[in-house]
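A.B. asks: Sharing a model prediction with you, sequence too.
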Amino acid sequence: MSATELASPLSADEFRQELFERGLLFATGVDGLYGRSATFENLVDAVDRLIGRMSTEDGAEIMRFPPIMTRTGFEASGYFKNMPQLVGTVHCFCGDDREHKRVLACTPEEGGWTAAQQPADVVLTPASCYPVYPIIAARGPLPAEGWLVDSSSYCFRREPSIDPARMQMFRQREQVCFGTPERIRAFQSHWMTRALEMFRRMGLPATTDLANDPFFGRPGMLMANGQRSQRLKFEILVPISNPDKLSACGSFNYHVHHFADAYGIRDADGEAAHTGCAGFGLERVSLALFRQHGFDIEAWPESVRATLWPRA
Amino acid sequence: MLHETVRNVLRGVGDLAASADTLGDNTDLFDAGLSSYGTVEVMIGLENALGIEFPETVLTRDTFTSINAIVHVLERLRDGTVPAGGQAVDANGWPVATETVQ
């Protein structure tokens, strides 16, 4: 199959069933929560490394995170204000023996074993760039030329779906840029061009388009429209589960000074810095590859295999 | 009347609280410091003050560009020349997304 030819239509449910039957993903009984096979992980790792090779000359500072972040950092981000429907919180038992016995005896109507759970000082990470901001802010003013971070984390979004490309937990590889508006716009544009080249080399028929975040409720409509009219968010889109609707495998975002205000990130002159990020969903890119080239990696075009697994 | 109501609401919005009294009717509110969150505060403040609900079709950045722009939309709402409901669209007429990128 050529790089520009679209894969034949397959519904989201059929595609997911194929992934299960071929042992690439393991069903858990919860939509959007899957185990991964060695083959799948090998591909995710190859996509991750490809992103690394394409950005190696950028000199970004590497930061890798576990899938939870501080609650204070999360609250400062404004994420719950914008997208409460996607948030996953961590709650823990903080009681004594007596309280433990009490909750074990609670009926489901009384809340069951969760009746005494208290919100912890950590939450599930919604995007891999979020833990980066408080760390950069704590260092004080940025260098004059700005800063660049290469982050990665498992992320959580409460979006249960039969579409295997819409997972509740997935990995993001995200570059985060700090600096002037000009630097962030250049970073955003550079990564869109770089992403199209990366997807071309993987034999994926990708396009980029203006986009918005799924802000919550009616105020969210206003936020989303503002984001679009200012051209703050772009996505790279590929057919995966739904032949009639492309799936976004990456996004390129300009936050203006939202995160600088939220976390107190200052430029070398003490002014609010501007920030942007360019991230890829590693599972989504991997699924797009299976969808486009078939389930047998050995049978993929040699050029695609050489891009993902270059010989030393 | 509507101009004063709008200005009253702007006085309560953190982004513009210090400058609300000196803003011209055509001053660009975003240039004056109105943020995305601030725009939502203006929207909710006006809905509470006037007992109205902005239809999704007017939930755009253009609606909140200036005091005159806001008043113009409020007058159209009062006159019934803005259809109720509808789906939010961007400047190109495309519906705004409701799902996330991963």
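C.D. replies: Cool, the structure landed.

A.B. asks: Give the rounded mean pLDDT of stretch A:198-210.
C.D. replies: Across stretch A:198-210, pLDDT averages out at 97.

A.B. asks: Same question for that stretch: list its buried residues.
C.D. replies: By neighbour count with 16 or more other Cβ atoms under 10 Å in any protein chain shown, stretch A:198-210 contains the buried residues A:198-199, A:201-206, A:208, A:210. Where C-beta positions appear, they are placed from N, C-alpha and C, glycine not excepted.

A.B. asks: Now do the end-to-end distance for that stretch.
C.D. replies: 19 Å (Cα to Cα, to the nearest Å).

A.B. asks: Then stretch A:18-25?
C.D. replies: Separation of the first and last residues of stretch A:18-25 by Cα to Cα is 9 Å.

A.B. asks: And chain B, is that stretch touching that?
C.D. replies: No - Stretch A:18-25 lies out of reach of chain B by Cβ under 8 Å from any Cβ of the partner chain, never closer than 14.7 Å.

A.B. asks: quick one: is the worst-scoring helix or strand of chain A on mean pLDDT near chain B?
C.D. replies: Least confident helix or strand, chain A: helix A:217-229 with a mean of 91, by mean pLDDT, DSSP states H and E. Yes - using Cβ under 8 Å from any Cβ, helix A:217-229 reaches chain B at A:218-219, A:221-229.

A.B. asks: is chain B contacted by the next helix-or-strand element following that helix?
C.D. replies: Moving toward the C-terminus from helix A:217-229, the next helix or strand (DSSP states H and E) is strand A:233-238. Yes - under the criterion of Cβ under 8 Å from any Cβ, strand A:233-238 makes contact with chain B via A:Glu235.

A.B. asks: Stretch A:26-45: which residues count as buried?
C.D. replies: A:31-32, A:34, A:36, A:39-40, A:43-44.

A.B. asks: got it, and stretch A:141-156?
C.D. replies: So for stretch A:141-156, counting by 16+ other Cβ under 10 Å, buried means A:142, A:146-156.

A.B. asks: can you list those in JSON lines and add secondary structure and pLDDT?
C.D. replies: Putting the buried residues of stretch A:141-156 into JSON lines (DSSP: H, G, I helix; E, B strand; the rest coil; pLDDT from 0 to 100) gives the following:
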{"residue": "A:Leu142", "secondary structure": "coil", "pLDDT": "98"}
{"residue": "A:Gly146", "secondary structure": "coil", "pLDDT": "97"}
{"residue": "A:Trp147", "secondary structure": "strand", "pLDDT": "98"}
{"residue": "A:Leu148", "secondary structure": "strand", "pLDDT": "98"}
{"residue": "A:Val149", "secondary structure": "strand", "pLDDT": "98"}
{"residue": "A:Asp150", "secondary structure": "strand", "pLDDT": "98"}
{"residue": "A:Ser151", "secondary structure": "strand", "pLDDT": "98"}
{"residue": "A:Ser152", "secondary structure": "strand", "pLDDT": "98"}
{"residue": "A:Ser153", "secondary structure": "strand", "pLDDT": "98"}
{"residue": "A:Tyr154", "secondary structure": "strand", "pLDDT": "98"}
{"residue": "A:Cys155", "secondary structure": "strand", "pLDDT": "98"}
{"residue": "A:Phe156", "secondary structure": "strand", "pLDDT": "98"}
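
A.B. asks: Tell me the residues of chain A that contact chain B?
C.D. replies: Within chain A, the positions adjacent to chain B are A:78, A:81, A:83, A:86, A:155, A:157, A:159, A:165-167, A:170, A:172, A:210-214, A:218-219, A:221-230, A:235, A:248-251, A:258, A:281, A:283-284 by Cβ under 8 Å from any Cβ.

A.B. asks: just the buried members of these?
C.D. replies: Judged by 16+ other Cβ under 10 Å, buried ones among the residues of chain A next to chain B: A:83, A:86, A:155, A:157, A:159, A:165-167, A:170, A:172, A:210-214, A:218-219, A:221-229, A:235, A:248-251, A:258, A:281, A:283-284.

A.B. asks: Could you work out the end-to-end span of stretch A:68-85 for me?
C.D. replies: Termini of stretch A:68-85 sit 17 Å apart (Cα to Cα).

A.B. asks: List the contacts of that stretch.
C.D. replies: Here stretch A:68-85 makes contact (Cβ atoms under 8 Å, 6 or more residues apart in numbering or on different chains) with A:87, A:90, A:119-126, A:130-131, A:133-134, A:158, A:213-216, A:220, A:223, A:258-259, A:262-263, B:37, B:100.

A.B. asks: what's the nearest residue to whichever residue of the stretch 1-150 of chain A sits closest to chain B if we skip its chain neighbours?
C.D. replies: Closest contact between the stretch 1-150 of chain A and chain B, by Cβ to the nearest Cβ, is at A:Leu86 (6.6 Å). The shortest distance from A:Leu86 to any non-neighbouring residue, by Cβ to Cβ, 6 or more residues apart in numbering or on different chains, is to A:Arg157 (4.5 Å).

A.B. asks: Could you check how far the one you found is from A:Ser55?
C.D. replies: The gap separating A:Arg157 from A:Ser55 is 24 Å, by Cβ to Cβ, to the nearest Å.

A.B. asks: Repeat that for A:Asp96.
C.D. replies: 51 Å.

A.B. asks: These two: which is more packed in?
C.D. replies: Between A:Asp96 and A:Ser55, A:Ser55 has the larger neighbour count (other Cβ atoms under 10 Å in any protein chain shown), namely 19 against 9.

A.B. asks: List the contacts of the more buried one.
C.D. replies: A:150, A:175, A:194.

A.B. asks: Kindly report the same for A:Cys277.
C.D. replies: Per Cβ under 8 Å, 6+ apart, neighbours of A:Cys277: A:127, A:129, A:174-177, A:251-253, A:255.

A.B. asks: Lovely, talk soon.
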